[in-house]
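Enquirer: Give me coordinates for this.
(one chain, ligands or ions: 1)
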Amino acid sequence: MMRSRLGNSQRMEGTTRFYARYYGGLLGRSGLSIAKGVALPFVRAEAVRSGAHAMAYPISTYAPWQADESFQRVYGLVRRHTLVDVWRLYELWSLLGEVAEIPGSVLEVGVWRGGSGTLLAIRAAELGITDIVFLCDTWEGVVKTGPLDIYYHDGKHDDTSRGTVEALVTSLGLENVELLQGIFPDQSAERISDRTFRFVHVDVDVYQSASDVLEWAWPRLSAGGVVVFDDYGFPACPGVTQFVDEQRGKPDRLVLHNLNGHGIVVKR
Ligand SMILES: C[S@@+](CC[C@H](N)C(=O)[O-])C[C@H]1O[C@@H](n2cnc3c(N)ncnc32)[C@H](O)[C@@H]1O
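Expert: Numbers count the residues shown, from 1 in each chain. You can find the predicted model right below:
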């Protein structure tokens, strides 16, 4: 009804105001960076046009991260060192709590400047988890981009270094972190090949890396353990979305789609 009474220019103005508020909010919440993929309106428009994507606004408004003082304190410490927004960071935070009683270390592949990885390490220490949190990155950017990863190129996100993350780990006083440099798993996994894991965060942006990390980690994941894939459903990451969808229907895993950009795989 409303639509038909508005002229084209009023509709455009309304739309512009909506997007200004939307991106303003995103900027505020995601700290250092605009959320990956969503920051590229033309990529998103293309994805929506394809019919496989749509703008989704959950009716739910429950926001437990706001009142969680411990999380807020840590979020304040890491938000300038991460590309991951507050919603996904809170999910990492709360899911690690869910697997506190499951045996195994914590693994993150795709660390960049260390924000999400150090948040996991602080949370692990808070939960009394004594196993090491392994943070793995090339620190030379994304690798193994393939035909599905049309918005990526090798070397993307190379604006960081191992030293940057070491400095963050030191400044936070973390003693439960070990950094592994190189392409994971090919170059850096051998040192930890006899470990088991309770929680794995895969934030590698592209199909082949996501696949190689899961193939390596799955046999080492404890029953009840969780793998969280960042980038799931992001318009700029069709490779990761496809890879997570390929996990559906396998008898040993439960696959969850979270609208915040996480694909979550739980080992039965
Ligand atoms: C989007 S960033 C990670 C963001 C990070 N989790 C944060 O808190 O901001 C992706 C990172 O994955 C790394 N990466 C991608 N594929 C990799 C692989 N197979 N092995 C190691 N690092 C990889 C890149 O170097 C890059 O730093």
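
Enquirer: Going by C-alpha atoms from here, please, whenever you check contacts or count neighbours.
Expert: Fine.

Enquirer: In contact with the residue nearest in space to the middle of the chain, which residues?
Expert: Central residue of the chain (CA atoms, centre = their mean): residue 230, 3.0 Å from the mean position. By CA atoms under 8 Å, 6 or more residues apart in numbering, the residues touching residue 230 are 201-205, 261-263.

Enquirer: backbone phi and psi for it, please?
Expert: Dihedral angles of residue 230 (phi, psi; degrees, to the nearest 10) stand at phi -70, psi 170.

Enquirer: How many residues are close by the closest residue in space to residue 162 that isn't next to it in sequence?
Expert: Spatially, and ignoring its direct neighbours in sequence, residue 162 is nearest to residue 139 (5.9 Å; CA to CA, 6 or more residues apart in numbering). As a burial measure, residue 139 scores 24 neighbours (other CA atoms under 10 Å).

Enquirer: Going along the chain, name the helices of this structure.
Expert: For the chain, the helices defined by DSSP state H cover 2-5, 8-30, 41-50, 69-78, 86-98, 115-127, 162-171, 207-217, 238-245.

Enquirer: Close to the ligand: what parts of this protein are there?
Expert: 82-84, 109-112, 114-116, 136-143, 157, 182-184, 203-204, 209 (CA under 6 Å from any ligand atom).

Enquirer: now these: which count as buried?
Expert: Buried members of those, counted by 16 or more other CA atoms under 10 Å: 82-84, 109-112, 114-116, 136-143, 157, 183-184, 203-204, 209.

Enquirer: check contacts around residue 174.
Expert: 121-122.

Enquirer: Dihedrals phi and psi, it?
Expert: phi -80, psi 130.

Enquirer: From residue 268, how far off is it?
Expert: 32 Å (CA to CA, to the nearest Å).

Enquirer: now residue 130
Expert: Distance, residue 130 to residue 268, by CA to CA: 24 Å.

Enquirer: again with residue 209
Expert: For residue 209, the distance to residue 268 - CA to CA - is 23 Å.

Enquirer: got it, and residue 184?
Expert: 25 Å.

Enquirer: How many residues are close by residue 205?
Expert: There are 29 residues near residue 205, going by other CA under 10 Å.

Enquirer: and it, what pLDDT?
Expert: According to the prediction, residue 205 has pLDDT 98.
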